[in-house]
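Novice: sequence first, predicted coordinates after that:
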Amino acid sequence: MKSNSFENLFNETKIGSVLLRNRIVMAPMVMCYASSEGEVNEQVIAHYEAIAKGGIGLAIVEASYVHPSGKGFESEIAIDRDSLISRLHILTNAVKVCGAAVAIQLYHGGIQARVDQPLGPSAIGRKVFPPPRTPRELTTSEVEEMVENFANAALRAKMAGFDMVEVHGTHGYLIAEFLSPLTNKRTDKYGADKTLFATEIVRKIKEKCGSDFPVMFRLTATEFEEGGITLDYAKEIAKKLENAGVDALDVTGGNYDTSDHIIPPIYYEDQGYFFKEAYEIKKVVNVPVISGGMILDPEVADSAIENGVIDMVFLGRQLIADPEWPTKVREGRVEEIKPCIACEQCIERIFFQEPVNCSVNPLKGFEYRYLNEHEIPKAKKAKKVFIVGGGLAGLETARVANIRGHKVVLFEESNDLGGVLRYCLLYTSPSPRD
């Protein structure tokens, strides 16, 4: 029986001229599934296809580097050359046939790139993470060339069938570095107006791709660091971006020195971590505002839309844990959702340059074999399976064995199931921003 609840989440909406079937957006998340040269493969395509089948309105394909000097992770998607277009087109087709719109996030890692010599607006690196390295300051002409790199990447995206692009302007990467007083100490035009690099990129994309090709911008609302981007400054940036032609703003915050805010852990109790900042940004612009941050409860997301705090909600790790979150919410099967436990295993993997997997979704990364658990084949011969331990691993093993047709007997010495997971779900603390 379908539920009529959460109707705000499932209202149609638009970004520019592109119609979205609902207001649930898949946040861009690097998965390290591509080839070492950044080419899309079957693992990448199956990952996005599975999430699109789960019922989202818009999939934003992960941060994809526009120039080799901006590569941030091993096996990260690239969009820096024309030879990549054909495989990207297969990806867009796979998402669209499932009913979702699709964008790709354009980025350059800047001082946070994992290259021999990182580049930045000034010769200023991070304090803590990754191991501090001094970047080489880009010349004025090199910055102008980088604007072209972003615009050319956007044109490739359009040719590959993407409905829109998102420019990555947060989390301390190159564009955010130009915006930030912490890392931009330049004396040229890109220092006199710290928003110039960002607004030139947007304008150049519109020039190359057409005014009707939507451009989103992922905006730093705050860096959570003294001397960095503040909310008041971010509001001014937002207004300039709208004037430059941005069609939607995707609000987050933080940089690698404040990375606990980028990816809130389970013990930060705020669902909708960036809603407060997003609401303030929404007050000063007339384009849709997207935000989120550790959303588990659909009521939180639905209420934020109903109350005008945001226009759309992004989900990140929760869609890795359960790609069918939107469908289960729409059909009133909320109790069937596999909750993300914010254990950060997915994040840990990419920073060790490994492909993402998930503590609660063992199929993550293997969708190219089985798109979802409904496709797991029955065993050729049913067996009696004994499992010792009723923790997360034991319970999941028991569940999958049962799906395959085995008779399962589970042994647990305590009176409670779930192992250490019980403590993860019980322990929360006030957000450090309070």
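Specialist: Right, received. Where do you want to start?
Novice: quick one, longest helix in the chain?
Specialist: The single longest helix within the chain, with elements called by DSSP state H, is helix 140-159.
Novice: and it, how far out from the chain's middle?
Specialist: How far helix 140-159 lies from its chain's middle: 22 Å, per C-alpha atoms, centre = their mean, to the nearest Å.
Novice: any buried residues in it, and which?
Specialist: By 16 or more other C-beta atoms under 10 Å, the buried positions in helix 140-159 come out as 143, 146-147, 149-158. Bear in mind the C-beta positions are built from the backbone N, C-alpha and C, glycine included.
Novice: what's the answer for stretch 252-261, then?
Specialist: 252-259, 261.
Novice: same check on stretch 230-244?
Specialist: For stretch 230-244, by 16+ other C-beta under 10 Å, it's 230, 233-235, 237-238, 241-242, 244.
Novice: biggest separation within the buried residues of stretch 252-261, which pair?
Specialist: For these, the farthest-apart pair by C-beta to C-beta is T252 and D257; their separation is 15.2 Å.
Novice: against A176, how distant is N255?
Specialist: 7 Å (C-beta to C-beta, to the nearest Å).
Novice: can you check which residues contact both of the two?
Specialist: 220, 223 (C-beta atoms under 8 Å, 6 or more residues apart in numbering).
Novice: for the stretch 1-150 of the chain, just list every one of the helices.
Specialist: 42-53, 85-96, 140-159 (DSSP state H, counting those that start in this stretch).
Novice: got these as CSV, with mean pLDDT columns?
Specialist: Compiled in CSV, the helices of the stretch 1-150 of the chain are given as follows (pLDDT from 0 to 100):
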stretch, mean pLDDT
helix 42-53, 95
helix 85-96, 98
helix 140-159, 98
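Novice: export those to JSON lines and tack on distance to V388?
Specialist: What follows is the helices of the stretch 1-150 of the chain, written out as JSON lines (distance: least, C-beta to C-beta, whole Å):
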{"stretch": "helix 42-53", "distance to V388": "31"}
{"stretch": "helix 85-96", "distance to V388": "40"}
{"stretch": "helix 140-159", "distance to V388": "50"}
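Novice: and E336, which of those is closest to it?
Specialist: helix 42-53 (15.9 Å).
Novice: which other helices and strands does the closest one contact?
Specialist: strand 58-65, helix 85-96 (3 or more C-beta pairs under 8 Å, 6 or more residues apart in numbering; DSSP states H and E).
Novice: how about a cut-off of 10 Å?
Specialist: strand 24-26, strand 58-65, helix 85-96, strand 101-107, helix 317-321, helix 325-330 (3 or more C-beta pairs under 10 Å, 6 or more residues apart in numbering; DSSP states H and E).
Novice: in CSV: these, plus distance to L138.
Specialist: Output for the helices and strands packed on helix 42-53, formatted as CSV (distance: least, C-beta to C-beta, whole Å):
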stretch, distance to L138
strand 24-26, 31
strand 58-65, 16
helix 85-96, 27
strand 101-107, 15
helix 317-321, 33
helix 325-330, 40
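Novice: any chance of these in a markdown table with distance to A192 and mean neighbour count as columns?
Specialist: Below are those laid out as a markdown table (distance: least, C-beta to C-beta, whole Å; neighbours: other C-beta atoms under 10 Å):
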| stretch | distance to A192 | mean neighbour count |
| --- | --- | --- |
| strand 24-26 | 35 | 29 |
| strand 58-65 | 28 | 27 |
| helix 85-96 | 37 | 19 |
| strand 101-107 | 24 | 27 |
| helix 317-321 | 39 | 24 |
| helix 325-330 | 45 | 22 |
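Novice: out of these, which gets nearest to K381?
Specialist: helix 317-321 (31.4 Å).
Novice: show me the shaky parts of the stretch 101-250 of the chain.
Specialist: 129-130 (pLDDT under 70).
Novice: please enumerate the strands of it.
Specialist: In the stretch 101-250 of the chain, strands defined by DSSP state E, counting those that start in this stretch lie at 101-107, 119-120, 136-137, 164-169, 215-220, 248-252, listed in chain order.
Novice: compare the helices and strands packed on helix 42-53 and give me the one nearest P214.
Specialist: Of all these, strand 101-107 comes closest under C-beta to C-beta, at 8.0 Å.
Novice: partners of that closest one, with directions?
Specialist: Paired strands of strand 101-107, with direction, are strand 58-65 (parallel), strand 164-169 (parallel) (DSSP bridges).
Novice: which one is L138 nearest to, not counting chain neighbours?
Specialist: L119 (5.4 Å; C-beta to C-beta, 6 or more residues apart in numbering).
Novice: same question, G120
Specialist: Per C-beta to C-beta, 6+ apart, closest to G120 is P135, 3.6 Å.
Novice: before we move on, back to that, and which of the buried residues of stretch 230-244 is nearest G210?
Specialist: A244 (15.0 Å).
Novice: ok, the closest one to L219 distance?
Specialist: 12 Å.
Novice: likewise for A103?
Specialist: 15 Å.
Novice: and for R21?
Specialist: 25 Å.
Novice: of these two, who's got more company?
Specialist: L219 (33 against 17; other C-beta atoms under 10 Å).
Novice: the more buried one touches E236, doesn't it?
Specialist: No - between L219 and E236 there is no contact under C-beta atoms under 10 Å: 11.2 Å.
Novice: backbone phi and psi for F386, please?
Specialist: phi -100, psi 130 (degrees, to the nearest 10).
Novice: excluding covalently adjacent residues, which one is nearest to it?
Specialist: In space, F386 is closest to V409, 5.2 Å off (C-beta to C-beta, 6+ apart).
Novice: would that neighbour count as being in a strand?
Specialist: Yes - counting by DSSP: H, G, I helix; E, B strand; the rest coil, V409 falls inside a strand.
Novice: surely it and K384 touch.
Specialist: Yes - between V409 and K384 there is a contact under C-beta under 10 Å: 6.9 Å.
Novice: count of residues packed around E348?
Specialist: By other C-beta under 10 Å, neighbour count at E348 equals 11.
Novice: can you tell me the distance between the two ends of stretch 334-345?
Specialist: Between the opening and closing residues of stretch 334-345 there is a gap of 24 Å (C-alpha to C-alpha, to the nearest Å).
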